[in-house]
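Q: what follows is a predicted structure for the sequence shown.
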Amino acid sequence: MGSRFCGWARFYDGTVIPSPFISAAELADLLAGPADARPVVFDASYLLAKPDYDGDYRSGSALEQWRGAHIPSSIYVDIQKQFSDPTGATHYTHLHVEALAAELARLGVHQLTPVVVYDTTQTMFAARLWYLLDWIGMNVRVLNGGLAAWQAAGHPVESAIEAMPIPAASWTPTATRNAWISKEELVARSADDSRPLVCGLPAGSFTGSEVTRYARRGHIPGSVNVSSRGLFAPEGTVLADAELRAAYVAEGVLAPDGNSLASEVLLYCGGGISATANALTLAAVGVTAVRVFDGSLEEWAADSSLPLETS
């Protein structure tokens, strides 16, 4: 598969840029280093069952798995309960920046606290938390390969009941950019809009050939398919730089020379989770002008007046 990302990535024009990924070795070094430089480590694992029939949506906490084995000192977070708006129209509607910062402060995280996120669920939910924290300018990276990579490298895990973190002082967050695109914006999107619209679901979900968790099968007209799961190797590590670029070039999202073809890339999936893994991998190759459709197909398919294509 070629080389893997760790602390740094080389951009197409030769510029070296920080990678959103961190290796198990790098994380171990940080956790063994000075206390004031150690990151807070979040386990963002969440369970999403494969649907048995259309509309079969089953999900739940992975807290018990965390209790069985986790990176020492890590904190388990429930994406839906702690980092989603309970009044939102869909399962993972993002929190407003103030509520996001308040939850982080409750977990002991200040605005300048470095954070590392991992999961045991193919990086999808770690990517979601990374996207939220990156949106408000946090120093956040994702453990490449998750818990499996940590264990494969010979680093210890622990089994314990969680202790309550010491809260940090409250702080005022600032959104660093417009990270979200609404259903209304996509409905009004013209046919000649040059911005790629990328669906991060597997091919069978994109074409509608497989059972869906949502109200209807298919994809938003005009979108292309770059499955976010296909951007990670079977063992869970992110693909090499050239392979990531090739996947996006093949669908016209990036030019062959690595340049973005438009002012921004628009991303969606089923419920706003896999799309953030697309955002994460795009960031790894230097493309950060992206927006995510938070409600994704959960919101779009629920509106029978909106078209879906199957092919």
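A: Received it, and whenever you're ready, just let me know what you need. Numbering: from 1, shown residues only.
Q: show me the shaky parts of the chain.
A: Under the criterion pLDDT under 70, the flagged ranges of the chain are 1-17.
Q: could you chop it up by domain?
A: Partitioning the chain according to automatic domain parsing yields domains covering residues 8-152, 180-300.
Q: contacting residues for the residue nearest to residue 57 when sequence neighbours are not counted?
A: The spatially closest residue to residue 57, leaving aside those adjacent along the chain, is residue 213, at 4.5 Å (Cβ to Cβ, 6 or more residues apart in numbering). Heads up, the C-betas are built off the backbone N, CA and C, glycines and all. Contact partners of residue 213, counting by Cβ atoms under 8 Å, 6 or more residues apart in numbering, are 51, 55-57, 270-271, 298.
Q: mind checking which of these are buried?
A: With neighbours counted by 16 or more other Cβ atoms under 10 Å, the contacts of residue 213 contain buried members at 51, 270-271, 298.
Q: now the residues you listed in CSV, with secondary structure?
A: Conversion of the buried ones among the contacts of residue 213 to CSV gives the following (DSSP: H, G, I helix; E, B strand; the rest coil):
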residue, secondary structure
51, coil
270, coil
271, coil
298, helix
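Q: hmm, back to that, what separation do you get for the residue nearest to residue 57 and residue 231?
A: Taking Cβ to Cβ, to the nearest Å as the measure, residue 213 falls 21 Å from residue 231.
Q: the strands in the stretch 201-311 of the chain, which residues?
A: Defined through DSSP state E, counting those that start in this stretch, the strands belonging to the stretch 201-311 of the chain, from first to last, are 224-225, 265-268, 290-293.
Q: residue 171 - how many residues pack around it?
A: Residue 171: 14 surrounding residues under other Cβ atoms under 10 Å.
Q: check residue 36 too.
A: Residue 36 has 5 neighbouring residues, counting by other Cβ under 10 Å.
Q: secondary structure class for it?
A: For residue 36, the secondary structure call by three-state DSSP comes out as helix.
Q: CSV for the buried ones among the contacts of residue 213, including distance to residue 72?
A: Converted to CSV, those look like this (distance: Cβ to Cβ, whole Å):
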residue, distance to residue 72
51, 35
270, 33
271, 31
298, 36
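Q: closest one of the residues you listed to residue 209?
A: Distances from the buried ones among the contacts of residue 213 to residue 209 were compared by Cβ to Cβ; the smallest belongs to residue 51, at 13.4 Å.
Q: looks like the closest one contacts residue 212 (just checking).
A: Yes: under the criterion of Cβ atoms under 8 Å, residue 51 lies in contact with residue 212, with a separation of 6.5 Å.
Q: three-state assignment of the residue nearest in space to the middle of the chain?
A: For the chain, the residue whose C-alpha lies nearest the mean C-alpha position (Cα atoms, centre = their mean) is residue 127; its distance is 2.2 Å. On the three-state scheme (three-state DSSP), residue 127 is labelled helix.
Q: isn't it up against residue 276?
A: Yes: under the criterion of Cβ under 8 Å, residue 127 lies in contact with residue 276, with a separation of 4.3 Å.
Q: now do the contacts for the closest residue to residue 91 other than its chain neighbours.
A: Spatial nearest neighbour of residue 91, chain neighbours left out: residue 271 (5.5 Å); criterion: Cβ to Cβ, 6+ apart. Contact analysis of residue 271 by Cβ under 8 Å, 6+ apart lists 90-92, 213, 295-298.
Q: distance to residue 249 for those residues - can I get that in TSV?
A: Converted to TSV, these look like this (distance: Cβ to Cβ, whole Å):
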residue	distance to residue 249
90	31
91	32
92	29
213	30
295	28
296	24
297	25
298	29
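Q: just name the closest of these to residue 242, please.
A: Proximity to residue 242 was ranked across those by Cβ to Cβ; first place goes to residue 296, at 28.4 Å.
Q: just give the closest residue to that closest one, not the sequence neighbours.
A: residue 268 (4.4 Å).
Q: does that neighbour touch residue 206 like I think?
A: No: the pair residue 268 and residue 206 fails to qualify as a contact (Cβ under 8 Å) at a distance of 10.8 Å.
Q: please enumerate the shared neighbours of those two.
A: With contacts taken as Cβ under 8 Å, 6+ apart, residue 268 and residue 206 have residue 199 as neighbours in common.
Q: between those two, who's got more neighbours?
A: Comparing residue 268 with residue 206 by neighbour count (other Cβ under 10 Å), the higher total belongs to residue 268, at 30 against 25.
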